[in-house]
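Colleague: predicted model and sequence follow; I will ask about them next.
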Amino acid sequence: TPAGTMAFLWPFILVAASETLAMDMPHPTNPALYRLTKHLLQKYHKAVRPVHDWTEATTVYLDVLVHAVLDVDAQNQKLKTSIWYHEVWDDEFLSWNPSMFDEIREISLPLSDIWAPDIILKELVDFEGSPNLPYVYVNSSGTIKNSKPIQVVSACSLETYAFPFDIQNCSLTFSSALHTVHDVNLAFLRSRGDMKHDKKEFLNDSEWELLSVSSSHNILQSCAGESAQIQFHVVIRRRPLVYVVSLLIPSIFLMLVDLGSFYLPPTCRARIVFKTSVLVGYTVFRVNMSDEMPRNALSTPLIGVFFAVCMAFLVISLFKSILLVSFLHDEWSAGQEWPLLCLQGDTDADGPRTDPRAQLAGATEPPFCQEHQVQPGTMKEVWFQLRSISTYFQTWEQAEQQEVTWLALLQRFDRLLFQAYAVVLGLYAVTLCSLWALWASS
Ligand SMILES: *[C@@H]1O[C@H](CO)[C@@H](O)[C@H](O)[C@H]1NC(C)=O
Ligand SMILES: *[C@@H]1O[C@H](CO)[C@@H](O)[C@H](O)[C@H]1NC(C)=O
Ligand SMILES: *[C@@H]1O[C@H](CO)[C@@H](O)[C@H](O)[C@H]1NC(C)=O
């Protein structure tokens, strides 16, 4: 029956209908966009530089916005920044009449399907996490806009001399990898004055502060011909507050304590203990600090030099104290302890010198008497005894004299050391202040 045949045919009819629908499907919503893309790319050769007259150069307009300073690595001389990179150029083969395509004035095209300039960053060490954006915008007069955020690790000569009041000037140089200026020229997208002080995009709350981004355009002569390059000089300044609080103030306190130890009398044994504790404190401080201080093979931060000089002073004065005490020890007792009592009673320099005289007299006279009391009575013996006492006192006086000059010498050396130390600390303060003033004035 016809009805049965129809029921049998229905599935085929449906399938055929859906297939014809599917064939019409591709761009039912915006055929203009589809037509335009086809119109632009069908006969396009991306290998050809997009100019009608080959003698004409393609000008690429560049712009860079510094978004953040992520890392300043003084040890490896690398700067890691996040920047917004814009490039704009004209493609003479990609223009159309908007009235023929539903008034479309701008479309996006895959970057991989069109000609693009080979702009590279000369200081580039490493591309880090830069997204590879696949599309660019093209408007009806053929102007192509390509924008992308990039994280660049660039080589930069970083000066750590004035740390933590340092200012870094790093260049980002863009140029065509291959083309000469006769094929690909470079130009600025915005005026250089606008670019210089544009900090709108910059993240303000990091360790580094953006001072300016100045730029220059120049033509390089090389064996391959003349090529154009554009340089951006990114000038950044460190915010030193955290280092002032964690490095400079503690170091100044340590140095003052160290300086104060010169007020202990030089013959004092407690001075050795005191200086040793300061030295230990210093070492702990320096170990802590070594992570915070930038390390650079060529230039040491000035404050590092100061720390080393202060440590040298500490070590020299400690050595001097040790020498003095060991000298006094040898001189004054064959096995007998001379109490270097500086923290009890009189602490002036001649105190310890009068002290041992009484003690020595008390300690050495009794054996003298006992030895010569074996045959008392004779005048000769008395005379002999007197003479021995007198020679004893003479040699003792000589030793005393020697020691006084030795002590005076050491005391003078101590004073000299103190003065040199004070001068170095003064220099340190003056240098820090002038570095700070320089930093603030930039
Ligand atoms: C295309 O963009 C360029 C640069 O922004 C502009 O000068 C030009 O007028 C634009 N063309 C059209 C048709 O909008
Ligand atoms: C940064 O360095 C470049 C040369 O390397 C120089 O032309 C520019 O003036 C410097 N900028 C500042 C602010 O020092
Ligand atoms: C950073 O500070 C400058 C002015 O000091 C301001 O114009 C800019 O908008 C700030 N940037 C951000 C991201 O907050």
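Modeller: Looks like it came in fine. If you're wondering where the values come from, they're calculated on a predicted model, not measured in any experiment. Ligands and ions are numbered 1, 2, ... in the order given.
Colleague: confirm that Asn218 sits in a helix.
Modeller: No: looking at Asn218 with DSSP: H, G, I helix; E, B strand; the rest coil, it is strand, so not inside a helix.
Colleague: look up phi and psi at the nearest residue to Asn97 once chain neighbours are set aside.
Modeller: Beyond its immediate neighbours in the sequence, the residue positioned closest to Asn97 (C-beta to C-beta, 6 or more residues apart in numbering) is Ser140, lying 7.3 Å away. In this view, the C-beta of every residue, glycine as well, is placed from N, C-alpha and C. The phi and psi torsions at Ser140 (degrees, to the nearest 10) take the values phi -70, psi -20.
Colleague: centroid residue for this protein?
Modeller: The chain has Pro294 as the residue nearest its centroid, 3.8 Å off, counting by C-alpha atoms, centre = their mean.
Colleague: phi and psi next, for the residue nearest to it when sequence neighbours are not counted.
Modeller: With C-beta to C-beta, 6+ apart as the measure, Ala74 is the residue that lies nearest to Pro294, at 3.7 Å, once sequence neighbours are left out. Listed backbone geometry of Ala74 is phi -70, psi -30, with angles given as degrees, to the nearest 10.
Colleague: and for Ala74, the neighbour number?
Modeller: Neighbours of Ala74 under the rule other C-beta atoms under 10 Å: 22.
Colleague: right, and it touches Ala297 too?
Modeller: No: using C-beta atoms under 8 Å, Ala74 is not in contact with Ala297, being 9.5 Å away.
Colleague: after the least confident helix or strand in the chain by mean pLDDT, heading C-terminal, what element do we hit next?
Modeller: Taking all helices and strands of the chain together, the one with the lowest average confidence (mean pLDDT, DSSP states H and E) is helix 351-372, at a mean of 44. Under the assignment DSSP states H and E, the closest C-terminal helix or strand after helix 351-372 is helix 379-441.
Colleague: is any residue of that following helix near ligand 2?
Modeller: No: shown here: helix 379-441 not in contact with ligand 2 (C-beta under 6 Å from any ligand atom), separated by at least 12.3 Å.
Colleague: distance from the chain centre to stretch 77-89, please.
Modeller: Once both centres are worked out by C-alpha atoms, centre = their mean, to the nearest Å, stretch 77-89 turns out to sit 21 Å from its chain's centre.
Colleague: so where do the strands sit in the stretch 101-250 of the chain?
Modeller: 106-110, 119-121, 124-127, 135-139, 143-155, 167-176, 184-188, 208-222, 225-238 (DSSP state E, counting those that start in this stretch).
Colleague: show me the contacts for the residue of the stretch 251-400 of the chain found nearest ligand 1.
Modeller: For the stretch 251-400 of the chain and ligand 1, the shortest gap (C-beta to the nearest ligand atom) falls at Pro294, measuring 42.9 Å. The neighbours of Pro294, taking C-beta atoms under 8 Å, 6 or more residues apart in numbering as the test, are Val72, Ala74, Gln75, Leu158, Thr160, Phe163, Pro301.
Colleague: returning to what we had before: could you tell me the least trusted of the strands of the stretch 101-250 of the chain?
Modeller: Looking at those, the lowest mean pLDDT belongs to strand 124-127 (a mean of 83).
Colleague: and the contacts of that one?
Modeller: Taking C-beta under 8 Å, 6+ apart as the criterion, the residues outside strand 124-127 that touch it are Lys78, Ile150, Gln151, Val152, Val153, Ser154, Ala155.
Colleague: run the last query once more with 6 Å
Modeller: When contacts are taken as C-beta atoms under 6 Å, 6 or more residues apart in numbering, the neighbours of strand 124-127 outside the stretch itself are Lys78, Val153, Ser154, Ala155.
Colleague: now the third one, nearest residue through space, not along the chain?
Modeller: In space, Ser154 comes closest to Glu123 once its chain neighbours are excluded; the distance is 3.8 Å by C-beta to C-beta, 6+ apart.
Colleague: which of the contacts of strand 124-127 tops the neighbour count?
Modeller: Neighbour-wise, these (other C-beta under 10 Å) top out at Ser154, 21 neighbours.
Colleague: what is the burial count for the residue of the chain found nearest ligand 3?
Modeller: Using C-beta to the nearest ligand atom, Asn204 is the residue of the chain that sits closest to ligand 3, at 3.8 Å. Here the number of neighbours of Asn204 (other C-beta under 10 Å) works out to 9.
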